[in-house]
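K.L.:
Here is a sequence with its predicted model. Questions after.
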Amino acid sequence: AGGLLKISFLAYALRWLLLSLISTPLWALLTQLLHGLSFAAFLVGGVTYIYELAPEGLNTTAQSIFNSVSFGLASIAGSLLGGYFYDSLGMPPMFRFISLIAIIAFFVFYLSDKSRAKATGERRA
């Protein structure tokens with residue numbers, strides 16, 4: 001599960017970086033093919049990761065919180081901040097900035113997942 005989330009962070013980062021570099025609409029369409037990988041890896045990895053972390057009897061609550069944060073709060077915050085960055089930076093720098101945030105999030109998740117695994121005695125890649 002953690003591995004799928006790591007793949008999704010990197011796929012999102014690559015997709016947004018490529019979107020910042022495109023010059024023709026065809027490349028935008030081809031770049032969007034990465035959306036299938038990034039979104040599927042995020043959704044499956046996130047649901048599985050939450051299931052693994054949730055205490056016994058609280059799986060449904062944990063999944064509800066995951067869904068609310070991912071598709072509610074994150075969508076609202078992303079729309080507001082994305083609009084602000086688009087207005088103030090322009091499209092290519094905005095996508096580069098978002099790509100950088102995804103890479104930073106990857107490293108934060110990687111280190112926290114590794115630390116959690118070490119504390120619980122699990123083996124993580």
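P.N.:
Perfect, I can see it now.
K.L.:
what residue ranges in the chain score low on pLDDT?
P.N.:
The chain contains residues with pLDDT under 70 at 121-125.
K.L.:
elements contacting the longest helix along it?
P.N.:
As far as residue count goes, and with DSSP state H defining each element, the longest helix of the chain is helix 91-120. Contacts defined by 3 or more C-beta pairs under 8 Å, 6 or more residues apart in numbering; DSSP states H and E place helix 91-120 against helix 2-21, helix 74-89. C-beta coordinates here come from the backbone N, C-alpha and C atoms, glycine included.
K.L.:
of the ones you listed, which approaches Leu43 most closely?
P.N.:
When those are ranked by distance to Leu43, counting by C-beta to C-beta, first place goes to helix 2-21 at 8.3 Å.
K.L.:
Check which residues of the closest one are buried.
P.N.:
Of the residues in helix 2-21, those with enough neighbours to count as buried (16 or more other C-beta atoms under 10 Å) are 2, 4-20.
K.L.:
Okay, angle between it and helix 91-120 too, please.
P.N.:
Relative orientation of helix 2-21 with respect to helix 91-120: 170 degrees, computed using axes from the mean of the first three to the mean of the last three C-alpha atoms, to 10 degrees.
K.L.:
For helix 2-21, which outside residues touch it?
P.N.:
Counting by C-beta atoms under 8 Å, 6 or more residues apart in numbering, helix 2-21 makes contact with 27-28, 31-32, 34-35, 37-39, 41-42, 44-46, 48-49, 91-96, 98-100, 102-103, 105-106, 109-110, 113, 124-125, all of which sit outside it.
K.L.:
Now find how far off-centre that helix is within its chain.
P.N.:
Using C-alpha atoms, centre = their mean, to the nearest Å, the distance from the centre of helix 2-21 to the centre of the chain it belongs to is 7 Å.
K.L.:
just checking, what packs against the helix or strand following it?
P.N.:
Past helix 2-21, heading to the C-terminal end, the next element that is a helix or strand (DSSP states H and E) is helix 25-31. Based on contacts counted as 3+ C-beta pairs under 8 Å, 6+ apart, the elements that helix 25-31 packs against are helix 2-21.
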